[in-house]
Each structure stands twice: as structure tokens, then as C-alpha cells.
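Visitor: sequence first, predicted model second:
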Amino acid sequence: MLRQCCLTVAGDAHTERCQAHKPGRAHERAAGHIDVIRGPSRHERLEQIAVALLHALGEDPTRPGLVDTPRRFAAMWREFIEFDPGTLDTSFEQSTSSGLVAVTGMRVWSMCEHHLLPFWADVAIGYRPHRQVLGLSKFARIAQKHAHRLTLQEELVRGIAEEVAELSGTEDVGVIAVGEHLCMTMRGARTPHRMASEAWRGCFDAQMYGESAADRHRTAFHRLVSMATVS
């Protein structure tokens, strides 16, 4: 469940080949028409990859249990890569800068770029609005946008923080994610785990504001995240 808390804190395109000359089509050439021979679509290429993979695994792609697998495989990857997060930049003006805002409870699924295996992450975003606030649903849409690609959890939080800062007009943005990666849970060490990562900008960044000020804002952010988690 997505929750919001507030606290005031001090201070593919494939190669295409065009045939402009084709016997018997002089009238079309004169009219500026051309014939285009297109390569296979993304869906078709993904199906071909699935068939090749099944063969490499020693399977028969034509057997009853697998006959529709290439189509499902292609549809799954297209749904993931072609995900549309919708409108991201809806914001509302406010007369003064407000205190810290935290949006938590956003679980996203992504794909590890090292093993092409899924990982999930619970994302929390904190920011200090300056004159405008982002629409609440935009935080989830931004998180989903950055999750629907081949990535790493470290890159996920960095990308979310950058986009929230850009769209909200404030550099004071912090992002925390805690997740589990199937590339570790189901292979290799085969161990359940939790990985935590963070990205800090503006008042949360010790290099910009100093350790004391950054710690104060990070502590307030963690407090809001904890409040939302237990409520």
C-alpha cells in the first residue's frame, strides 16, 4: 500500500531496406512510392530467441507444454520493456516551501542486468517541496518507469532520485530501496536476503550540506518511513 507522511524539519528499430527500383512499378516510382522490406518485429525476434533457448536447453518447442511458450515469452518481455508509466509531471503550486514529505510502500519489480532475473524492491521517496508539490501517484509512476528496464538496484534509486528532483524542482530528494534479487536467492549462493540501497541529493547529501545537516534530514526521513511501516 502506498502511503504518504509529512513532517516539518528545521533549517529498435531493425534495419530496413528500401527498394526504389522494382520491375513493373515505374508508375509508383514516378509518384514517389517505394517498397519497404522490413525485418522481423520485436515480438517476432523475441519468439525466435525463445525457440532457440528451448532448443539449447534440450527441449522440444513443439511439444504440448511448450508450443505457446515463445509467444508468452515475447509478450512478457514486451510488457516489461514497453511499459508506459503515464503522465509524470503533474504538480501543484504552493505559496511557501513545506516540510519533508515521504511516500513509502511502493513495491516494484525489475530485471537484474547481470543475469536477466527478476528482483523486487520496496521503495521510499522523501523530498522537501519548493513552491510546488508533485501529484502523489507520480512517485509510484516514476519508480515503475525506472524499474521497467534492465538495471541494478543502485541505479534504480539513483534514477528515481534524479527524476523526482527534475520534475519537482527541488534538489532535496532522498530515495531508499530494500529488495530481494532472485539471482542470489535461486542461484549461486541460493540464500534469501535483503539488499538496501540509497540515493541522497540536496539537503540529504553530506557533501553538499555537511554531515550534521544531512544526518538531521536523513533521520527525519527514516522516522517517516518507520511511521508509515508500522501504521
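Guide: Arrived safely. Computed from a predicted structure; not experimentally measured.

Visitor: name the residues of the longest helix anywhere in the chain that come out as buried.
Guide: The longest helix of the chain (DSSP state H) is helix 211-230. Counting neighbours by 16 or more other CB atoms under 10 Å, one finds that the buried residues in helix 211-230 are Ala213, Ala214, Arg216, His217, Arg218, Ala220, Phe221, Leu224, Val225, Ala228. Backbone N, C-alpha and C define where each C-beta goes, glycine included.

Visitor: what's the following helix or strand after the host helix or strand of Ser137?
Guide: Following DSSP states H and E, the helix or strand that holds Ser137 is helix 136-147. Counting by DSSP H and E, the next helix or strand C-terminal to helix 136-147 is strand 150-151.

Visitor: what's next to that following strand, contact-wise?
Guide: Contacts made with strand 150-151 from outside it, assessed by CB atoms under 8 Å, 6 or more residues apart in numbering, are listed as Ser110, Met111, Cys112, Glu113, Leu116, Gly159.

Visitor: could you redo the last one with a cut-off of 7 Å?
Guide: If you take CB atoms under 7 Å, 6 or more residues apart in numbering as the criterion, strand 150-151 is touched by Ser110, Met111, Glu113.

Visitor: and the last one, what does it touch?
Guide: Applying CB under 7 Å, 6+ apart to Glu113 gives the contacts Leu150, Thr151, Leu152.

Visitor: can you check Asp89 too?
Guide: Taking CB under 7 Å, 6+ apart as the criterion, Asp89 is in contact with Leu167.

Visitor: assign it to helix, strand or coil.
Guide: For Asp89, the reduced secondary structure class is coil; criterion used: DSSP: H, G, I helix; E, B strand; the rest coil.

Visitor: need the per-residue pLDDT for it.
Guide: According to the prediction, Asp89 has pLDDT 94.

Visitor: that one and His146, how far apart?
Guide: Asp89 sits 15 Å away from His146 when distances are taken as CB to CB, to the nearest Å.

Visitor: of the contacts of strand 150-151, closest to Ser98?
Guide: Distances from these to Ser98 were compared by CB to CB; the smallest belongs to Ser110, at 30.8 Å.

Visitor: pretty sure that closest one sits in a strand.
Guide: Yes. Under three-state DSSP, Ser110 falls within a strand.

Visitor: quick one on the thing from earlier: how far is the longest helix of the chain from where the chain is centred?
Guide: 24 Å (CA atoms, centre = their mean, to the nearest Å).

Visitor: by contact count, what packs against it?
Guide: Here helix 211-230 is seen to pack against strand 3-7, strand 100-112, strand 118-127, strand 173-181 when contacts are counted using 3 or more CB pairs under 7 Å, 6 or more residues apart in numbering; DSSP states H and E.

Visitor: thinking again about what came up before, return the member of the buried residues of helix 211-230 nearest to Ser137.
Guide: Nearest to Ser137 among the buried residues of helix 211-230: Ala228, at 16.4 Å, using CB to CB.

Visitor: related to what we said a few turns ago, by contact count, what packs against the helix holding Ser137?
Guide: By 3+ CB pairs under 7 Å, 6+ apart, helix 136-147 packs against strand 100-112, helix 153-168.
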